[in-house]
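*Asks:* Sequence and predicted structure below; questions after.
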Amino acid sequence: MKISTNRYKIISLAAVLIMLFLWKGLALYFDSDFILPHPERTLVKTLSLFGEGQFLLIVGATVLRGVLGFAISLIFGVVLGIFAGVSRDFNAFLKPILVVLRSTPVIAIILLALIWLNASSVPIFIAILTMFPFICTNTIDGIRSVDKQLVEMAWVYKVSRFRIAKEVYLPAIMPFIISGASSAMGIGWRAIIIGEVLSQPRYGIGTVMQSAQTFLNVDAVIAWTIIAVLLSYVFERIIRLAEKRIVVWRD
Amino acid sequence: MGLQINNLCKSYGDLLLFSNFNMDFAEGSITCILGPSGGGKTTLLNMIAGVVKPDSGSMEGFNSKVLSYIFQDPRLLPWKTVRGNIEFVLPHSEREAAAANNLIKLVELDGFADYYPSQLSGGMRQRVSIARAFAYPSDLILMDEPLKGLDVKLKMSLLRSFIKIWQGDRRTVIFVTHDVDEALMLGDSIIVLGNQPVAIKARIGIDIKKHLRDIGSDYFQNLRAELHNALND
């Protein structure tokens, strides 16, 4: 077991190295910082970003938007998902809304949001509209997957409705909510940054990426991209950690 | 006063399962119900439990009874430990926590109280389900082929545990099975049901203490033959 885990780690590492070599090769070929800067120079640039005075403000603004959008999506997604999972009627009502939300191009929502909202709320709005359908759909699936035999058992033993909801339904849908939250987060960060690029709030990763692009600071564009990827990774880890603490029974 | 089922009728679509079916159960004893699979035995238990509504007929004496149910599958909550699963059904858990501990010992699961179902074997899970049924302050225990699919050795050890617990706590038990030997080991009375509609084909009583029964003896061989005859009739 241990050997094979190491083996896969080595293969994954090889993939990263190949990407870096490819990058380096292309950088040598173009030989221009305005097209593709060298990887080592970009790495230095990325590290230097951490030292910049406004770094925390910029990243903090994006994180705040992400967390806010995620929290709102989570609350609405879970609550509406539970209602839709329990009531066929409400599900029939919610279904077309979810389909429309999921199939509308993000850019279309952004263009409309730019007209309706102020620069700082656009990314949050986008985040909610992209994340909510994932969490909601997964919650509905979770409720559907609850073992009816367990509910019947609880009912035969005269367990109260409240405890059935809390101790049978909630734990059963938890893994679904977490996996929905995880996919939502992955999509959400991308949506927020696109939103920031276009709406140009005062602070935000998307804002600085856009201005770097305008001045052809390609190294800065890539450096901020790396920061965005790291951010997404950190939150993915947080969700997985939460999962491990919440879903302890799965062996 | 016993428990009585009078003029019970139940059909599913065109399938007439019960038609003016009558049956009674002695309290404080174990009644085994034998019959072919898919013959309405589970439906009968579910009507007694109130999970399925009969089309017509009356059930006397059942309303005032609190009941436990040992299902064919253990039906344990995967996210609760052995102790958590037992306490889940208890109305006021603090007082009964001691009872839960005691029952975990009785079903020979001491040391496993904090294990999750996924960490237990199939036989151990069914033991938890038995402990849960006895921990619950019920008057009546319904059992729906709880030993189906377990190997013979495991079956025997579970039956012995069940007998041991029951002898210290004699509740009314209705035990549905298709296994004649299980019925011979447990039953104070054994009822053989026939199909479509369900009717009683044979009824025997056994007056030997359960832990003293030798189901290999001539006496039990004769009973076994009698039950097989009724089943295949």
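*Replies:* Received it, and whenever you're ready, just let me know what you need. Numbers count the residues shown, from 1 in each chain, chains lettered A, B, ... in the order given.
*Asks:* how near is residue B:228 to chain A?
*Replies:* As judged by C-beta to the nearest C-beta, to the nearest Å, residue B:228 and chain A stand 32 Å apart. Bear in mind the C-beta positions are built from the backbone N, C-alpha and C, glycine included.
*Asks:* In contact with that residue, which residues?
*Replies:* residue B:180 (C-beta atoms under 8 Å, 6 or more residues apart in numbering or on different chains).
*Asks:* same question, residue B:174
*Replies:* B:25, B:31, B:33, B:45, B:48, B:140, B:141, B:142, B:143.
*Asks:* and the residue nearest to residue A:192 when sequence neighbours are not counted, what helix or strand is that in?
*Replies:* Nearest residue to residue A:192, sequence neighbours excluded (C-beta to C-beta, 6 or more residues apart in numbering or on different chains): residue A:123, at 4.5 Å. Under the criterion of DSSP states H and E, residue A:123 resides in helix A:121-145.
*Asks:* for that helix, packing partners?
*Replies:* helix A:55-86, helix A:88-103, helix A:106-116, helix A:170-199 (3 or more C-beta pairs under 8 Å, 6 or more residues apart in numbering or on different chains; DSSP states H and E).
*Asks:* where does the stretch 151-251 of chain A dip in pLDDT?
*Replies:* For the stretch 151-251 of chain A, applying pLDDT under 70 flags the ranges A:251.
*Asks:* One more pass at 90, please.
*Replies:* Residues of the stretch 151-251 of chain A meeting the criterion pLDDT under 90: A:160-162, A:165-166, A:186, A:242-251.
*Asks:* follow-up on the earlier one: for the helix holding residue A:123, list every residue counted as buried.
*Replies:* A:121-140, A:142-143 (16 or more other C-beta atoms under 10 Å in any protein chain shown).
*Asks:* Which residue ranges of chain B form helices?
*Replies:* B:41-49, B:82-88, B:93-106, B:122-135, B:152-168, B:180-186, B:218-232 (DSSP state H).
*Asks:* and the ones you listed as CSV, adding mean pLDDT?
*Replies:* Compiled in CSV, the helices of chain B are given as follows (pLDDT from 0 to 100):
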stretch, mean pLDDT
helix B:41-49, 89
helix B:82-88, 92
helix B:93-106, 77
helix B:122-135, 90
helix B:152-168, 87
helix B:180-186, 89
helix B:218-232, 84
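*Asks:* would JSON lines of those with distance to residue A:171 be doable?
*Replies:* Listed next are the helices of chain B as JSON lines, based on distance: least, C-beta to C-beta, whole Å:
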{"stretch": "helix B:41-49", "distance to residue A:171": "24"}
{"stretch": "helix B:82-88", "distance to residue A:171": "11"}
{"stretch": "helix B:93-106", "distance to residue A:171": "17"}
{"stretch": "helix B:122-135", "distance to residue A:171": "17"}
{"stretch": "helix B:152-168", "distance to residue A:171": "28"}
{"stretch": "helix B:180-186", "distance to residue A:171": "34"}
{"stretch": "helix B:218-232", "distance to residue A:171": "42"}
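*Asks:* Residue A:184 is nearest to which of the ones you listed?
*Replies:* helix B:82-88 (30.6 Å; C-beta to C-beta).
*Asks:* what bridges to residue B:8?
*Replies:* residue B:21 (DSSP bridges).
*Asks:* Next up, the contacts around it.
*Replies:* B:18, B:20, B:21, B:22, B:23, B:47, B:54, B:56, B:57, B:58, B:59.
*Asks:* from those residues, which would you call buried?
*Replies:* B:18, B:21, B:23, B:47, B:54, B:57, B:59.
*Asks:* which bits of chain B sit near chain A?
*Replies:* B:49-51, B:66-69, B:71, B:73, B:75, B:77-80, B:88-89, B:91, B:116-119, B:132, B:136 (C-beta under 8 Å from any C-beta of the partner chain).
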